[in-house]
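Colleague: Return a 3D structure for these sequence lines:
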Amino acid sequence: MACECHSRPPSPAERASYATSGLPENNSTQGVDKHMASDDNAQPAARGGAKAEAAALARDLVRSAWKGTLSTVARSGGHPYGSLVALATTPDGAPLLLLSGLAEHMKNLAVEPRASVLVDGTSAGPAALTGPRVTLVGSIIEAEGEAARRRYLSRHPDAAGFIGFADFKLYALRIEWAHLVAGFGRIVRLDVGDVTVAIADAEAVVEAETSIIEHMNADHADAVALIAAHALGETPVSATGWRMIGCDPEGIDLADGARAARVRFPQCVMTPDDVRRALVVMVQAARASAAGESGNSVP
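Modeller: Just a heads-up that it's a prediction; the model follows:
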């Protein structure tokens, strides 16, 4: 499983990798040719560092998604059946879904658990196909443990009103492979290890996630705003609405109303102390960047 953390903004070497591969530098359409792109326009997949960046983009797309398209096999006739579902992620980055047994897709999954989840990072308008999207392919399994419930509710707090209903259960996609399209000819097939993060040696981070989030939002909201501003190119003042909603070995998930963002750590973390040190480095980098842009020191 991948654990290739990268800070924002990309390094010169990463920028060079994007330039040669055509992959965007973030989850926007920046750096992608403004031509119509489709899954049928496949060219040879990126290799080496470019593929690693493609994998990182795919992970970021999934981590920052509010929703996705769940495709199942219709139990009658075997046709593809797509449905819109709210998404969160498991600690290792697999899609996490809250599904009702009364829904058509769950009736399909009871017969055939194989499914896919499409995460769409494209923009609206006629150039939408120049933006990134990733399809994750695998099987739907029941998600057990408190971490799954906690992470889902952190991303979708309104679900607290029905997550306990008898017909609702949490499920995860057990990924087998993935297909990333990041624009015209920017198409990469990825393995499960490319789109998930190893957590076997980072259980302490998973267990401490709630306390980390609560501490950062309650006591260091200004630091969260600085990190968000630096990652997204906003001013610290305009970024005050961002809050932390997730933390895993590779990075943090942020939300501001309907907006969501993924910010990776400078390097992967294995303990809560590692998280603290990484956040300090990120805040320092954000302050230095803000000071450079304003010409004044940031307290």
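Colleague: what's the closest non-adjacent residue to the most centrally placed residue in the chain?
Modeller: Geometric centre of the chain, nearest residue: Arg63, 1.6 Å, by Cα atoms, centre = their mean. What sits nearest to Arg63 in space, not counting adjacent residues and going by Cβ to Cβ, 6 or more residues apart in numbering, is Arg262, at 4.3 Å. From N, CA and C alone the C-beta is placed, and that goes for glycine too.
Colleague: Check Arg114 too.
Modeller: Closest to Arg114 by Cβ to Cβ, 6+ apart is Ser139, at 5.3 Å.
Colleague: Equivalent analysis for Arg264, please.
Modeller: Sequence neighbours aside, Gly251 is the residue nearest to Arg264 in space, at 3.9 Å (criterion: Cβ to Cβ, 6+ apart).
Colleague: Neighbours of the one you found, how many?
Modeller: For Gly251, the count of nearby residues is 28 (other Cβ atoms under 10 Å).
Colleague: Can you give me the distance of it to Ala202?
Modeller: Relative to Ala202, Gly251 is positioned 12 Å away (Cβ to Cβ, to the nearest Å).
Colleague: which residues touch the lengthiest helix in the chain?
Modeller: Secondary structure of the chain per DSSP state H: the longest helix is helix 272-294. If you take Cβ atoms under 8 Å, 6 or more residues apart in numbering as the criterion, helix 272-294 is touched by 7, 204-205, 208, 211-212, 216, 220, 223, 226-227, 229-230, 235-236, 247, 252, 263, 265-267, 269, 297-298.
Colleague: list the buried ones in it?
Modeller: Buried residues in helix 272-294, counted by 16 or more other Cβ atoms under 10 Å: Pro272, Asp274, Val275, Ala278, Leu279, Met282, Val283, Ala285, Ala286, Arg287, Ser289, Ala290.
Colleague: which one of these is nearest Val111?
Modeller: Taking Cβ to Cβ as the measure, Val111 lies nearest Val275 of the buried residues of helix 272-294, at 42.2 Å.
Colleague: Could you look up the SS state of Tyr171?
Modeller: Secondary structure for Tyr171, judged by DSSP: H, G, I helix; E, B strand; the rest coil, is strand.
Colleague: what's the burial count for it?
Modeller: Neighbour count for Tyr171, taken as other Cβ under 10 Å: 21.
Colleague: repeat for Glu207
Modeller: Quick note: Glu207 (other Cβ under 10 Å) scores 13 neighbours.
Colleague: what's the answer for the one 4 residues further on, then?
Modeller: Burial of Ser211, expressed as a neighbour count using other Cβ under 10 Å, amounts to 11.
Colleague: can you check the one 10 residues further on too?
Modeller: The burial count assigned to Ala221 is 15, neighbours taken as other Cβ under 10 Å.
Colleague: swap in Asn108?
Modeller: Asn108 has 25 nearby residues by other Cβ under 10 Å.
Colleague: With adjacent residues omitted, what lies nearest to it?
Modeller: Nearest residue to Asn108, sequence neighbours excluded (Cβ to Cβ, 6+ apart): Thr72, at 3.9 Å.
Colleague: If the one you found is in a bridge, with which residues?
Modeller: Per DSSP bridges, the residues bridged to Thr72 are Tyr81.
Colleague: Show the low-confidence segments of this protein, by residue range.
Modeller: For the chain, applying pLDDT under 70 flags the ranges 1-48, 293-299.
Colleague: So Leu99 versus Thr271, what's the distance?
Modeller: 34 Å.
Colleague: Please identify which of the two sits among more neighbours.
Modeller: Higher neighbour count among Leu99 and Thr271: Leu99, with 20 against 15, using other Cβ under 10 Å.
Colleague: and the helix or strand harbouring the more buried one, C-alpha only, in CSV?
Modeller: Using DSSP states H and E, Leu99 sits in strand 95-100. The C-alpha atoms that make up strand 95-100 are tabulated as CSV, following Å, rounded to 0.1, in the frame of the first residue of the first chain:
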residue,chain,number,x,y,z
PRO,A,95,-14.6,4.4,0.0
LEU,A,96,-17.0,4.2,3.0
LEU,A,97,-20.7,4.1,2.4
LEU,A,98,-23.8,4.1,4.5
LEU,A,99,-26.4,2.0,2.7
SER,A,100,-30.0,1.0,3.4
